[in-house]
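Q: build me a structure from this.
(one chain, ligands or ions: 2)
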Amino acid sequence: MDIPAASIAKPDTIGWRLENSYSRLPEALFAAAEPARVREPRVAILNQRLAVELGLNLDAITLESAAALFAGQVLPVGSLPIAQAYAGHQYGGFAMLGDGRAILLGEHRTPDGRLVDIQLKGPGRTRFSRGGDGRAALGPMLREYIISEAMAALGIPTTRSLAVVTTGEAVYRASALRGAVLTRVATSHIRVGTFEYAARRDESTLRALADYTIARHYPELTDAPQKYLEFLRAVADRQASLVARWQLVGFIHGVMNTDNVAISGETIDYGPCAFMNAYDPDTVFSSIDSGGRYAYGNQPHITQWNLTRFAEALLPLIDPDQGKAIAVATEVLENFPARFEGYWLAGIRKKLGLQTDEAADAELAQSLFEWMHKARADFTNTFRDLSSGVLFPDPAFQSWNVRWQARRSRDGERSISAYALMQSANPAVIPRNHRVEEALSAAEQHDDLSVLHRLLAALASPYETRADRSDYRDPPADESGYRTFCGT
Ligand code: AMP
Ligand code: MG
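A: Numbering: from 1, shown residues only. Ligands and ions are numbered 1, 2, ... in the order given. Next up, the predicted model:
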């Protein structure tokens, strides 16, 4: 492939150790790309703590250099920038896609030996941009920064956010907005949609992608008999675990298209996502999800649907006999609800402070959710309040509480207190929509990042109880009509 001029690396001193293994895959899987020149890059926020984890020393360069770096104006040593090809089912319909507004700079080797993608989101057009401008706006990029970092602090697998820089240029959406570039860090950006794309090319591209992905994310399967079937099973398992974690904190992804499902099992693509306040399984925030396809209560089912698209892509590798391939893949897919239920049950037991397993625990949890739904109880605060011994006067709650206390007493004396267990599983602070919006509007409209920094500090230790953070626990006075938008 041609190496774009901008990738003739200028040395920098922050400690990049970039590799370009994805660029050695069959050429159909990517296209060379070059970040656009921008007028005036300026740092909005740098994630110092993440930089340290990655072995990057941001103090070694000036803010101006950091702005140029994270706007793609100076490429890190060893970078070979590409846009990745992929396809995807969006709201059920198939489309050829690709990185239309993202460029992968390369894979960075961390001090502890992990390999992570360094990707710029919003750096200008690529071969896959179609009608789009390849750009991103400040608000949505800061939104991704806030929510991805909150998810990481909650202990939920996620892509990370290393930096947001403004470009000094406008992007035109419904109105003119400030342009920005997010630097996203992921264990990789390989998606279900990447496999859907490769499967529609040819079998050798598909096999190369599968072998690469197994080596990178599931190395223990490299020599497994029936390794592609085991790969499907392992990906299904990580997705079951991930979506259970979402359900257990009230996270709604909002746009669970197959191009937004990472094979690594990380949460990816924070567009119209949001956390639920009052418990209601039908909750949808996304302005374009009018049918409720990606509603809170539908997320496990949609994950199974997405994994079915993944299985279809893998069929030719699983068995040359298509009938046999379908039979074994179907068995894995049919097992998904039980896998999900297993992870969810383990999680809900912690949330309820239960340290043994009883068959009736699922039903006990379900009846709490029924009460929460009727009472329009706040999802996060209900569990956090229960974790500190707060009970609710409502008679329906009281009768549930009698059953819960009886169940807890059967656990007997345990080494950890039930309340300590519950507090480690029930966050006090989540990125509530009204707090996120408040931080974004101060940043966008008044260039004031202080609101955002305070919010990030509260979100960084979500399981701690601190009096000075109590106002981050309050749900909004009224959020009827609150809508989120795809961050394009
Ligand atoms: P998303 O909704 O962010 O997951 O994006 C879906 C698809 O649209 C991906 O292929 C993106 O690369 C592409 N896309 C989104 N926004 C833009 C944009 N401003 N310019 C070009 N492509 C875009
Ligand atoms: Mg996407």
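Q: for the helix or strand where Phe340 lies, packing partners?
A: Assigned by DSSP states H and E, Phe340 belongs to helix 336-351. With contacts defined as 3 or more Cβ pairs under 8 Å, 6 or more residues apart in numbering; DSSP states H and E, helix 336-351 has these neighbours: helix 227-249, helix 299-318, helix 361-375, helix 418-425. Every residue, glycine included, has its C-beta placed from N, CA and C.
Q: report the contact partners of the residue nearest to Ala137 when sequence neighbours are not counted.
A: Computed as Cβ to Cβ, 6 or more residues apart in numbering, the closest residue to Ala137 that is not its neighbour in sequence is Leu177, at 3.9 Å. Counting by Cβ atoms under 8 Å, 6 or more residues apart in numbering, Leu177 makes contact with 137-139, 170-171, 444.
Q: and the residues you listed, which of them are buried?
A: In the contacts of Leu177, burial by neighbour count holds for 137-139, 171, 444, counting by 16 or more other Cβ atoms under 10 Å.
Q: show me those that map onto strands.
A: Those of the buried ones among the contacts of Leu177 mapping onto strands are 137, 171, per DSSP state E.
Q: distance to ligand 1 and pLDDT for the buried ones among the contacts of Leu177 - can I get that in JSON lines?
A: Conversion of the buried ones among the contacts of Leu177 to JSON lines gives the following (distance: Cβ to the nearest ligand atom, whole Å; pLDDT from 0 to 100):
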{"residue": "Ala137", "distance to ligand 1": "9", "pLDDT": "98"}
{"residue": "Leu138", "distance to ligand 1": "14", "pLDDT": "98"}
{"residue": "Gly139", "distance to ligand 1": "14", "pLDDT": "97"}
{"residue": "Val171", "distance to ligand 1": "8", "pLDDT": "98"}
{"residue": "Glu444", "distance to ligand 1": "18", "pLDDT": "96"}
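Q: after the particular helix or strand that has Thr166 in it, which helix or strand is next? Please name it.
A: Thr166 is part of strand 160-172 when elements are defined by DSSP H and E. Using DSSP H and E, the helix or strand that follows strand 160-172 towards the C-terminus is strand 176-186.
Q: run the chain-centre distance for that next one.
A: Centroid separation for strand 176-186 versus its chain: 16 Å, with Cα atoms, centre = their mean, to the nearest Å.
Q: correct me if wrong: Gly139 contacts Glu437.
A: No. Counting by Cβ atoms under 8 Å, Gly139 does not reach Glu437; the two are 9.2 Å apart.
Q: given the strand holding Thr166, what are its sheet partners and their directions?
A: Paired strands of strand 160-172, with direction, are strand 42-46 (antiparallel), strand 176-186 (antiparallel) (DSSP bridges).
Q: ligand 2 is nearest to which of the ones you listed?
A: Ligand 2 sits nearest to strand 176-186 of all the strands paired with strand 160-172, at 11.0 Å, using Cβ to the ion.
Q: residues of the strand holding Thr166 that come out buried?
A: Residues 160-167, 169, 171 are the ones in strand 160-172 that count as buried (16+ other Cβ under 10 Å).
Q: for stretch 398-407, same thing?
A: Neighbour-count burial for stretch 398-407, counted by 16+ other Cβ under 10 Å, picks out 400-401, 404, 407.
Q: export these as a markdown table, with columns for pLDDT.
A: Listed next are the buried residues of stretch 398-407 as a markdown table, based on pLDDT from 0 to 100:
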| residue | pLDDT |
| --- | --- |
| Trp400 | 98 |
| Asn401 | 98 |
| Trp404 | 97 |
| Arg407 | 96 |
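Q: mind putting those residues into JSON lines with distance to ligand 2?
A: Formatted as JSON lines, the buried residues of stretch 398-407 follow (distance: Cβ to the ion, whole Å):
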{"residue": "Trp400", "distance to ligand 2": "40"}
{"residue": "Asn401", "distance to ligand 2": "43"}
{"residue": "Trp404", "distance to ligand 2": "41"}
{"residue": "Arg407", "distance to ligand 2": "42"}
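Q: touching ligand 2 at all, stretch 148-163?
A: No. Counting by Cβ under 5 Å from the ion, ligand 2 has no neighbours in stretch 148-163; the shortest distance is 10.9 Å.
Q: dump the residue contacts of Glu107.
A: 18-22, 115-118, 188 are the contacts of Glu107 under Cβ under 8 Å, 6+ apart.
Q: 6 Å - rerun?
A: Listed by Cβ atoms under 6 Å, 6 or more residues apart in numbering, the contact set of Glu107 reads 19, 21, 115, 117.
Q: tell me the bridge partners for the first one.
A: The residues listed as beta-bridge partners of Glu19 by DSSP bridges are Glu107.
Q: follow-up on the earlier one: quick one: buried residues of the helix holding Phe340?
A: For helix 336-351, by 16+ other Cβ under 10 Å, it's 336, 339-340, 343-345, 347-351.
Q: report the angle between that helix and helix 299-318.
A: Following axes from the mean of the first three to the mean of the last three Cα atoms, to 10 degrees, one obtains 140 degrees for the angle between helix 336-351 and helix 299-318.
Q: ok, and what's touching helix 336-351?
A: Under Cβ under 6 Å, 6+ apart, the answer for helix 336-351 is 236, 240-241, 244, 248, 300, 304, 361-362, 365, 383, 421, 425-426.
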